[in-house]
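Enquirer: Can you look at this prediction? I've put the sequence above it.
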Amino acid sequence: MKTLCNFISRWMAALVLAMAVVAVFVPEPFASIPTRVINPMLGLIMFGMGLTISAEDFRVVFSRPRDVLIGCMAQYTVMPLAAWAISVGLGLPKELAIGVILVGCCPGGTASNVITYLAKGDLALSVGMTAVSTLIAPVMTPLLVLALAGTMVEVDTIGMLLSIVYVVIAPIAAGLLCQKFLPALTKSVSAYL
């Protein structure tokens with residue numbers, strides 16, 4: 001099992017690209033995955049992230065608000081502008097262009113945390129930026145889509161906030177608590193992360 005985990009960690013970028021290519025040509029198996037399965041899986045990933053960071057890591061984030069601010073500013077400038085440039089550059093039809101721009105205007109979510117972990121980056125900073133960018137997303141996403149695509153997008157603010165609690169904050173908190181109160185279990189599970 002550990003060998004498989006090490007293989008996946010080492011080749012994650014290539015595996016993601018390969019699966020993306022497969023999904024483009026054979027989308028049916030991926031499109032049929034229900035949302036009720038995806039969110040708990042994302043929560044499980046975030047629980048794993050919670051097992052690997054400490055409460056001390058978050059204190060570092062709050063002592064570096066400039067880094068969080070720069071990251072969030074990049075999230076809401078570079079990504080939306082890149083999505084817009086891709087849409088215009090490829091001459092995408094309006095509906096598809098709006099979709100690409102919408103994705104570019106949304107926060108990175110749990111994927112950014114997983115990639116940061118695999119790249120051995122500053123996971124606490126990544127989680128902090130994810131939390132902040134997701135909290136401001138109900139305001140930023142519709143405004144940016146309106147500015148870049150000329151279409152207002154309705155955003156479920158309460159649903160988005162509840163989603164960050166269920167999928168990001170609660171699982172990470174559970175991982176931190178597991179670290180504190182069940183260190184032996186945490187150590188054995190962390191060997192596979």
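Expert: Arrived safely, thanks for sending.
Enquirer: hey, which helix or strand in this protein has the poorest pLDDT?
Expert: helix 55-62 (a mean of 71; mean pLDDT, DSSP states H and E).
Enquirer: Residue ranges of each domain in the protein, please.
Expert: Following automatic domain parsing, the chain resolves into domains at 1-32, 42-190.
Enquirer: and L4, what pLDDT?
Expert: Listed pLDDT for L4 reads 76.
Enquirer: cool, T35 as well?
Expert: pLDDT at T35 comes out at 74.
Enquirer: now swap in A82 and tell me
Expert: pLDDT recorded at A82 is 96.
Enquirer: returning to what we had before: what would the domains of the chain look like in JSON lines with mean neighbour count?
Expert: All C-beta atoms are positioned from the backbone trio N, CA, C, and that covers glycine. Putting the domains of the chain into JSON lines (neighbours: other CB atoms under 10 Å) gives the following:
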{"stretch": "domain 1-32", "mean neighbour count": "10"}
{"stretch": "domain 42-190", "mean neighbour count": "16"}
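Enquirer: how near is G91 to G150?
Expert: 16 Å (CB to CB, to the nearest Å).
Enquirer: Whichever helix in the chain runs longest - contacts with which helices or strands?
Expert: Longest helix in the chain by number of residues (criterion: DSSP state H): helix 123-149. Secondary-structure packing of helix 123-149 (3 or more CB pairs under 8 Å, 6 or more residues apart in numbering; DSSP states H and E): helix 35-52, helix 55-62, helix 65-75, helix 78-89, helix 94-105, helix 110-118, helix 157-164.
Enquirer: out of those helices, nearest to F25?
Expert: Nearest to F25 among the helices and strands packed on helix 123-149 is helix 94-105 (17.6 Å), distances taken as CB to CB.
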